[in-house]
Every structure is written in structure tokens, then in C-alpha cells.
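K.L.:
Have a look at this fold, sequence not included:
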């Protein structure tokens with residue numbers, strides 16, 4: 001038997017045989033899950049899903065993590081017609097309890113239409129799945145390990161003025177109407 005990883009954050013030990021390890025490497029998804037376990041980020045995709053419950057909340061209670069958003073007009077039209085129709089947005093709870101969105105366009109659309117936003121709230125120190133983390137790299141190309149690091153990466157990619165004025169997100173965002 002070969003021990004793949006012991007993940008201290010969730011105290012899970014995964015033991016597989018050499019034959020099982022060879023079978024896992026045959027699919028890209030299985031390989032990705034093993035990489036996430038070895039990196040200490042998550043135990044399994046199922047563990048993440050169980051920990052993440054979407055809820056509807058007032059979008060005005062969530063700050064933006066970017067200076068501007070694009071392609072909101074079509075989302076607004078859709079929300080006016082059918083309400084929130086799509087996956088939840090990722091939101092990070094800061095240590096003071098305030099909420100900041102990782103995903104900003106749908107948040108603005110919800111504000112403009114007056115409907116609640118469907119969100120998954122992640123604590124600042126919660127581990128982030130590798131597949132999502134790779135979409136929010138730091139300016140130096142470093143992959144975040146937690147949702148808080150991902151949020152700080154998103155804010156760090158904004159202008160110097162934005163970072164200075166809104167180091168933990170802003171209640172306002174620029175939108176050109178498209």
C-alpha cells in the first residue's frame with residue numbers, strides 16, 4: 001500500500017494500492033483530485049460540495065473586489081426575465097464579518113435588478129480547490145491556497161489607487177453599460 005497524503009486541515013488519510021494508483025492516473029479528473037490531496041488543499045470534490053451551501057442574500061451586503069465589470073447588460077436582462085438562473089458566486093467573509101465577492105458581474109446585475117444574489121460564503125482561511133485557485137493567480141503567478149489569498153490576489157491586480165482606497169473591496173464598481 002502507498003499513502004498518498006495526510007491532510008492536516010481535515011485529518012484525512014488516503015491509502016491506496018499501487019494498482020489503484022495506476023488506475024487513478026488514467027483519467028485527468030482523478031489525477032487532479034490526487035494533486036489537490038497531495039497539495040493539502042482538499043480531500044475530495046465531495047467534501048467541498050458538502051461544505052458549500054448556496055444561499056440567497058441581499059447583494060448590497062457584499063463588496064466588490066474589482067474596479068470594474070464587463071458584460072453585465074445581458075445578465076441584467078436575464079435576471080429581470082427569470083431571476084437568478086445560474087451557479088452561485090463565490091464570496092469571502094473577512095475577519096470582521098464583512099463579505100467581498102470574487103465574482104463581480106453577477107453581483108452588480110443582482111444589485112441593478114433588485115434581486116438577492118445566490119452565493120457560497122467561504123471563510124477567509126478556507127481551502128480553495130486547485131481548479132478554482134488556478135483562475136485567481138497572484139501577479140507573480142502564485143496559486144492561492146485559501147479563499148482569502150484568492151481574494152487578496154484579485155484585489156492586488158487592481159490599480160494602485162483602488163488597492164490603496166479599498167484594500168478589502170469596495171461598495172462601488174465601474175461599469176460602462178455593456
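P.N.:
That came through, no problem. All values reported here derive from a predicted model rather than from experimental measurement.

K.L.:
which stretches of this structure form strands?
P.N.:
2-7, 12-16, 55-57, 62-63, 68-69, 89-93, 99-101, 117-123, 174-175 (DSSP state E).

K.L.:
which of the ones you listed has the lowest average pLDDT?
P.N.:
Comparing mean pLDDT across those, the weakest is strand 2-7, with a mean of 46.

K.L.:
For residue 148, give its distance to residue 139.
P.N.:
Per C-beta to C-beta, to the nearest Å, residue 148 is found 17 Å from residue 139. Placement of C-beta: from N, CA and C, glycine included.

K.L.:
Looking at the two, which has the bigger crowd around it?
P.N.:
A side-by-side neighbour count of residue 148 and residue 139, using other C-beta atoms under 10 Å, places residue 148 first with 20 against 8.

K.L.:
That one is in contact with residue 127, isn't it?
P.N.:
No - Residue 148 lies out of contact with residue 127 (C-beta atoms under 8 Å); the separation is 10.4 Å.

K.L.:
low-scoring stretches of the chain, by residue?
P.N.:
1-52, 176-178 (pLDDT under 70).

K.L.:
redo that, cut-off 50
P.N.:
Scanning the chain for pLDDT under 50 picks out the ranges 1-13, 19, 21-31, 33-34, 42-44, 46-47, 50.

K.L.:
Show me where it has its helices.
P.N.:
Assigned by DSSP state H, the chain shows helices spanning 18-24, 28-38, 45-51, 73-82, 105-113, 130-133, 147-156, 160-165.

K.L.:
Assess the claim that residue 157 and residue 137 are in contact.
P.N.:
No - in this structure residue 157 lies outside contact range of residue 137 using C-beta under 8 Å: 9.0 Å.

K.L.:
quick one: common contacting residues for the two?
P.N.:
Residues touching both residue 157 and residue 137 (C-beta atoms under 8 Å, 6 or more residues apart in numbering): none.

K.L.:
Can you spell out which residues form a bridge with residue 174?
P.N.:
Residue 174 forms beta bridges with residue 68, as assigned by DSSP bridges.
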